[in-house]
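>>> Need the 3D shape of this:
(2 chains)
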Amino acid sequence: MNPHIYDMLIIGGGPAGYTAGLYAARAGLDVLLLEKLSAGGQMALTHQIDNYPGFPDGIDGFELGEKMQQQAEFFGAKTEYADVTAVELNADPKAVHSSEGTFYGRTVVIATGANPRELGLAKEKALVGKGVAYCAACDGMAFRDKTVAVVGGGNSAVADALLLSRIAKKVYLIHRRDSLRATKVYHHQLEKAENVEFIWNTQVTDLLSEEKLTGVQIQNTLSGERTTTALDGLFISVGRAPATGLFDGQLALDASGYIIADESTKTSLPGVYAIGDVRSKAVRQIVTAVADGAVAVHMAEEFLAEHV
Amino acid sequence: MAARNIDQIHFHKLSEGSKPVLVDFWAPWCGYCRRIGPAYDRIADQFSEEIEVVKINIDEEPHLANAEKIEVIPTLVLYKNGNAVDSVVAPESKAAIEAFIHQALHK
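Okay, the predicted model is just below:
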């Protein structure tokens, strides 16, 4: 029996992926979306989203993800809960191998997003869940009245430090520079939080642990001096890395690993589109992700019309 | 069918049974717990013959969570004959939960 060949396979069920699913289904395409866990992507971890138009009181990210999925499925998009393990984007039809088998598509839309970047320290992976965390909103509650540190100096690091200052006894903010990159609105709030202490010009050089994290070794980047600080928890908030390991060698990636594609979402391979946070772009927001989803379907329709 | 939320008493009753028990320790304020929720419900359907697939809200059952040494959520624990045989923290996909179950069942 010949395998079923979809008009479009979408990898990733965040806002970009489900918007592509919605537009593809409404355009009459036979579309399957592959999601490894549940709808919403990174957005699903945000309790309140205040910058998605149409929700003046804010909306819960998880709920918004579920609604996007329902809407796409209402119009005929299908979801398979599958962990993608390999892709053949140059093949005809294009093949996507996964935990649920191999799927074939005439076009592939990549919406795999980005994940928290790691510090790359020994024991870092082993200590995840044992004092090392990447999401204050997810794991912060476990550190009530304890001593924690946040590493990083951007908006998410500062937001994490603020959130933790309301839960933990003491919060250190460790940053390798001498000032924050975070948006101004955060600064004032952070200065008001009495239990937050800044440690400037400093990098984390080692994780100290017994069964669990007990502290960190830190190094002053100016003097080179190393000291240790006792901690119950370390929240790593040093940016995001795109989930593009599967595509390396098949698609052109930029220096940070994002898939190179302009506003047309077209990648270096015909019939393959990159949308949302995984695409090299200036502004990574839900609204730009959903816009990419609509654009990719338009481009894919043109491609499908030319390659009957 | 969604995975049932159970309490301490029900948990101890289930642990005494012959069927392995898979517990998702979670709490309503935990974002990632909600993310694995839909996948966990499908796991409950898929494995309903072989395993009791349940959830325990650690806010409602703090003593149990403490006794089971749950410090981070979501943590999934598989119990056989009342003993915890293996656990996984924040599995990243439905496939990862399935792989964990298959591995733990054979321990």
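
>>> measure the residue nearest to the spatial centre of chain B to chain A for me?
By CA atoms, centre = their mean, the mean C-alpha position of chain B lies nearest to residue B:23, the distance being 1.7 Å. The gap separating residue B:23 from chain A is 16 Å, by CB to the nearest CB, to the nearest Å. C-beta here means a position set from N, CA and C on the backbone, and glycine is covered the same way.

>>> Double-check that residue against residue B:73; I have them as touching.
No. Using CB atoms under 8 Å, residue B:23 is not in contact with residue B:73; the gap is 11.2 Å.

>>> Near chain B, which residues of the stretch 151-300 of chain A? Just list them.
residue A:212 (CB under 8 Å from any CB of the partner chain).

>>> The one helix or strand residue B:56 maps to close to chain A?
Per DSSP states H and E, residue B:56 falls inside strand B:52-57. No. Strand B:52-57 is not in contact with chain A by CB under 8 Å from any CB; minimum separation 13.0 Å.

>>> residue in the stretch 151-300 of chain A nearest to chain B?
residue A:212 (7.9 Å; CB to the nearest CB).

>>> what's near enough to touch that residue?
Contacts for residue A:212 (CB atoms under 8 Å, 6 or more residues apart in numbering or on different chains) come out as A:127, A:130, A:131, B:71.

>>> Out of these, who's the most crowded?
residue A:131 (27 neighbours; other CB atoms under 10 Å in any protein chain shown).

>>> Is that residue in contact with residue A:232, as I believe?
Yes. Proximity of residue A:131 to residue A:232 meets the contact threshold set by CB under 8 Å, at 6.4 Å.

>>> Could you name every residue contacting both of the two?
residue A:213.

>>> Figure out the helix or strand that residue A:185 lives in.
helix A:184-192.

>>> Any chance of the backbone angles for the residue of chain B most remote from its centre?
Distance from the centre of chain B peaks at residue B:29, with 17.3 Å (CA atoms, centre = their mean). Dihedral angles of residue B:29 (phi, psi; degrees, to the nearest 10) stand at phi -80, psi 0.

>>> That one and residue A:291, how far apart?
Counting by CB to CB, to the nearest Å, the separation of residue B:29 from residue A:291 is 32 Å.

>>> same thing with residue A:161?
From residue A:161 over to residue A:291 (counting by CB to CB), the distance is 31 Å.

>>> Which of these two has more residues huddled nearby?
In this view residue A:161 and residue A:291 are compared by other CB under 10 Å, and residue A:161 has more residues nearby, 31 against 18.

>>> residues contacting that one?
Residue A:161 neighbours (CB under 8 Å, 6+ apart): A:136, A:150, A:171, A:173, A:190, A:193, A:196.

>>> The helix or strand where residue A:297 lies: which residues count as buried?
Secondary-structure element containing residue A:297, defined by DSSP H and E: helix A:286-306. Judged by neighbour count (16 or more other CB atoms under 10 Å in any protein chain shown), helix A:286-306 contains these buried residues: A:286, A:288-297, A:299-301, A:303-304.

>>> Tell me which residues are up against that helix.
So helix A:286-306 is contacted by A:7-8, A:14-24, A:27, A:29, A:43, A:49, A:51-53, A:64, A:106-107, A:109, A:111, A:263-266, A:270-271, A:273-277, A:279, A:281 (CB under 8 Å, 6+ apart).

>>> Which stretches in chain B count as helices?
B:8-16, B:31-46, B:62-67, B:94-105 (DSSP state H).

>>> Give me the residues contacting the longest one.
Helix B:31-46 is touched from outside by A:37-40, A:44-47, A:61-62, A:81, A:135, A:137-138, B:1-3, B:22, B:24, B:26-27, B:53, B:55, B:73-74, B:90-91, B:93-94, B:97-98, B:101, with contacts defined as CB under 8 Å, 6+ apart.

>>> tell me the contacts of the spatially most central residue of chain A?
With distances taken as CA atoms, centre = their mean, residue A:114 lies nearest the centre of chain A, 3.2 Å away. By CB under 8 Å, 6+ apart, the residues touching residue A:114 are A:42, A:240, A:241, A:242, A:243, A:258, A:277, A:278, A:284.

>>> Dump the contacts of residue A:212 to JSON lines, plus pLDDT, distance to residue A:167 and secondary structure.
As requested, the contacts of residue A:212 are exported to JSON lines (pLDDT from 0 to 100; distance: CB to CB, whole Å; DSSP: H, G, I helix; E, B strand; the rest coil):
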{"residue": "A:127", "pLDDT": "83", "distance to residue A:167": "20", "secondary structure": "coil"}
{"residue": "A:130", "pLDDT": "81", "distance to residue A:167": "18", "secondary structure": "coil"}
{"residue": "A:131", "pLDDT": "90", "distance to residue A:167": "15", "secondary structure": "coil"}
{"residue": "B:71", "pLDDT": "76", "distance to residue A:167": "15", "secondary structure": "coil"}
